[in-house]
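Undergrad: sequence? don't have it. structure:
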């Protein structure tokens, strides 16, 4: 489990752990968080900063069965100012855990940490004793990050050891990203006589280089600059960066070694790893002992070629992915088609296998909290090679927390888990069987899928809302039957679909509704209308398009095989009315006069003429209805 994957440390850690575990009989699942805030900082797009969502990504591991967790807790800096390490760990499976970049061991596990204090102490000893510098600025790491706290403490205490005052004006609080130019500018503005800047990591040192070049300051001559981590590009920076080596390979090797021992039941201990000082040119040293000055130049063509190829591959995939995701938007209103199209995209991208798990409904996640997961999540897409299977909300299988792993997790492969979200809305996860170099593209793809899911659920909401409006517009509010407008549409559809058979046009009238209203009030009149509607629904059946077209008037169209069926349904209406009147206890009878005609259905049928014929039949029937529907006292 890592975060801040856009930076060098977690990337190299994941690559090495993945490489080591490929040789073992294990299955690796990487929960990968990253961030966008630092990239948007220059635009001050506060409202678009939703990196806090990733804090709850790791809790999705509850839907799987893991034997052991390796957590790079130091990279979780984007959450730790608001969410504690304990809260993060409380939402994870209760299995043996190796916690990296902290010296606080979890309840069921151990910790691994680089000696951050000693590393910064080496740097300051060198700047003060070798170069006689005393006006030294410092860029800290994120608040509540353990590595950053240790490095900052080493800065303060080492200066004090040499009798150099620790001045707040020489300190700026960074975020470990290379996008801290504004902080560096401010630091140099307030301290024009600064002799050195010690950065808590190499990423921020990149920003220092950029600002110094802008100001015409030559790093290593006009001002000393140092970093921490020894990221891959540090030796190729101009000038090469003096730093402290956080040996990623060693960290990964130790984590894997201890993990395998734990799984075998062997004892293991927490460990603090040595961090050697790496002297190059940025501190002011002119000669690099033991280093061929031309090494960087000799390596650069090969590195440039590899970097160029990676960039080209990423660009190619990104263009394809973006274009195909646009196609996905065409199916946002249909869940099954939406995920079928997504399966087609993942297959076309030659993804080895992938799975999309979603909540029943999107959930809103607010900053500063990790909400409890629902008991179930659902599988909406499973893809393997060119084969894929999509599900809709009625058929998607359920996956329960703390049970057997979901489909696709026992393949012996290496899966990366990406969070699917948009703004404050969280949908689920994308799980893909890939290699670490492919993670950048699939991270971008997961953001595109998150955006598409937002449009998908908006489309579903709009469709439901539209259906509700149509239902209101086409249905009678008292009985739930069609109104006149709804009947016209339903009857036309029925006639178009039965143009080779016969249909019946039915018209009915509730007898003496005015008597009931005048004698017993309109609530009883409404009850009588509802009763009549229920009798007609039962008698005419589900195949009938039935409507209430006036206060006491009803109309229906239904398929028939012969004229006999019309007579049978008319008799059934009379029989149902009689059964109701025997047991209702109401002070009035329910009677329904009926008029019906048969006709050949066709989309060319003149519906008005058919209605006119049926209305004439109704008029004849009403001549023989009872004079009054009011029960006598003896009848009551």
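TA: That came through fine. Predicted, not measured: the structure shown is a model, and the values here were computed from it.
Undergrad: now the stretch 401-550 of the chain, which segments are flagged as low pLDDT?
TA: Within the stretch 401-550 of the chain, the segments meeting pLDDT under 70 span 404-412, 467-468, 471, 499-500.
Undergrad: Going along the chain, name the helices of it.
TA: Counting by DSSP state H, counting those that start in this stretch, one finds helices in the stretch 401-550 of the chain at the ranges 439-474, 484-497, 513-520, 522-540.
Undergrad: winner for burial among those?
TA: Comparing the helices of the stretch 401-550 of the chain by mean neighbour count (mean count of other C-beta atoms under 10 Å), helix 522-540 ranks first with a mean of 19. Backbone N, C-alpha and C define where each C-beta goes, glycine included.
Undergrad: for this structure, what's the longest strand?
TA: strand 353-364 (DSSP state E).
Undergrad: and it, what other elements does it pack with?
TA: Using 3 or more C-beta pairs under 8 Å, 6 or more residues apart in numbering; DSSP states H and E, the elements in contact with strand 353-364 are helix 335-348, strand 376-384, strand 425-433, helix 439-474.
Undergrad: With distance to residue 169 added, can I get the ones you listed in TSV?
TA: TSV is the format used below for the helices and strands packed on strand 353-364 (distance: least, C-beta to C-beta, whole Å):
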stretch	distance to residue 169
helix 335-348	53
strand 376-384	51
strand 425-433	42
helix 439-474	39
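Undergrad: closest to residue 6 out of the ones you listed?
TA: helix 439-474 (8.5 Å; C-beta to C-beta).
Undergrad: Please name the residues that touch the nearest residue to residue 351 once chain neighbours are set aside.
TA: In space, and not counting its chain neighbours, residue 351 is closest to residue 432: 5.8 Å by C-beta to C-beta, 6 or more residues apart in numbering. Counting by C-beta atoms under 8 Å, 6 or more residues apart in numbering, residue 432 touches 346, 351-355, 415-416, 418, 442.
Undergrad: State the distance from residue 432 to residue 418.
TA: Residue 432 sits 7 Å away from residue 418, going by C-beta to C-beta, to the nearest Å.
Undergrad: Between those two, which contacts overlap?
TA: Common neighbours of residue 432 and residue 418, counting by C-beta under 8 Å, 6+ apart, are residue 442.
Undergrad: quick one on the thing from earlier: check the gap between the residue nearest to residue 351 and residue 387 for me.
TA: Using C-beta to C-beta, residue 432 is found at 15 Å from residue 387.
Undergrad: Next: residue 117.
TA: When residue 117 is compared with residue 387 (using C-beta to C-beta), they lie 54 Å apart.
Undergrad: Which of the three states applies to residue 395?
TA: Following DSSP: H, G, I helix; E, B strand; the rest coil, we place residue 395 in the coil state.
Undergrad: on that earlier part again, so for the longest strand of the chain, what gets flagged as buried?
TA: Using 16 or more other C-beta atoms under 10 Å as the test for burial, strand 353-364 gives 353-358, 362-363.
Undergrad: Using JSON lines, lay out these together with pLDDT and distance to residue 584.
TA: Output for the buried residues of strand 353-364, formatted as JSON lines (pLDDT from 0 to 100; distance: C-beta to C-beta, whole Å):
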{"residue": "353", "pLDDT": "95", "distance to residue 584": "64"}
{"residue": "354", "pLDDT": "95", "distance to residue 584": "62"}
{"residue": "355", "pLDDT": "96", "distance to residue 584": "58"}
{"residue": "356", "pLDDT": "96", "distance to residue 584": "55"}
{"residue": "357", "pLDDT": "96", "distance to residue 584": "54"}
{"residue": "358", "pLDDT": "96", "distance to residue 584": "50"}
{"residue": "362", "pLDDT": "93", "distance to residue 584": "48"}
{"residue": "363", "pLDDT": "93", "distance to residue 584": "49"}
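Undergrad: Looking at those residues, which is nearest residue 57?
TA: Minimum distance to residue 57 across these is 12.2 Å, recorded for residue 357 (C-beta to C-beta).
Undergrad: so who does residue 490 touch?
TA: Neighbouring residues of residue 490 by C-beta under 8 Å, 6+ apart: 474, 482, 545, 547, 557.
Undergrad: contacting residues around the second one?
TA: Shown here is residue 482, whose contacts under the criterion C-beta under 8 Å, 6+ apart are 474-476, 490, 545-548.
Undergrad: Out of the residues you listed, which end up buried?
TA: Those of the contacts of residue 482 that meet the buried threshold are 474-476, 490, 545-548, by 16+ other C-beta under 10 Å.
Undergrad: CSV for the residues you listed, including distance to residue 173?
TA: Putting the buried ones among the contacts of residue 482 into CSV (distance: C-beta to C-beta, whole Å) gives the following:
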residue, distance to residue 173
474, 62
475, 62
476, 67
490, 68
545, 71
546, 72
547, 71
548, 71
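Undergrad: ok, those vs residue 571, which is closest?
TA: Nearest to residue 571 among those is residue 546, at 17.8 Å by C-beta to C-beta.
Undergrad: where does residue 604 land in three-state SS?
TA: Assigned with three-state DSSP, residue 604 falls in the coil class.
Undergrad: Repeat that for the one 4 residues further on.
TA: Under the three-state scheme (three-state DSSP), the conformation of residue 608 reads as helix.
Undergrad: neighbours around residue 189, how many?
TA: 9 (other C-beta atoms under 10 Å).
Undergrad: no, scratch that, I was asking about residue 210
TA: Neighbourhood size, residue 210 [other C-beta under 10 Å]: 15.
Undergrad: What is the helix or strand harbouring it packed up against?
TA: Assigned by DSSP states H and E, residue 210 belongs to helix 202-215. Where contact means 3+ C-beta pairs under 8 Å, 6+ apart, helix 202-215 is packed against helix 181-190, strand 196-199, strand 224-226.
Undergrad: Looking at these, which is nearest to residue 30?
TA: Proximity to residue 30 (C-beta to C-beta) singles out strand 196-199 among the helices and strands packed on helix 202-215, at 28.0 Å.
Undergrad: could the buried residues of strand 353-364 be laid out in a markdown table, adding distance to residue 507?
TA: Converted to a markdown table, these look like this (distance: C-beta to C-beta, whole Å):
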| residue | distance to residue 507 |
| --- | --- |
| 353 | 61 |
| 354 | 58 |
| 355 | 57 |
| 356 | 53 |
| 357 | 54 |
| 358 | 49 |
| 362 | 48 |
| 363 | 51 |
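Undergrad: out of the residues you listed, who's nearest residue 286?
TA: residue 354 (52.9 Å).
Undergrad: how close does the closest one sit to residue 601?
TA: Counting by C-beta to C-beta - residue 354 and residue 601 are separated by 49 Å.
Undergrad: cool, residue 347 as well?
TA: Per C-beta to C-beta, residue 347 is found 45 Å from residue 601.
Undergrad: Please say which of the two ends up with more neighbours.
TA: Per other C-beta under 10 Å, whichever of residue 347 and residue 601 has more neighbours is residue 601, with 21 against 16.
Undergrad: So for that one, what's the pLDDT?
TA: With respect to pLDDT, residue 601 scores 78.
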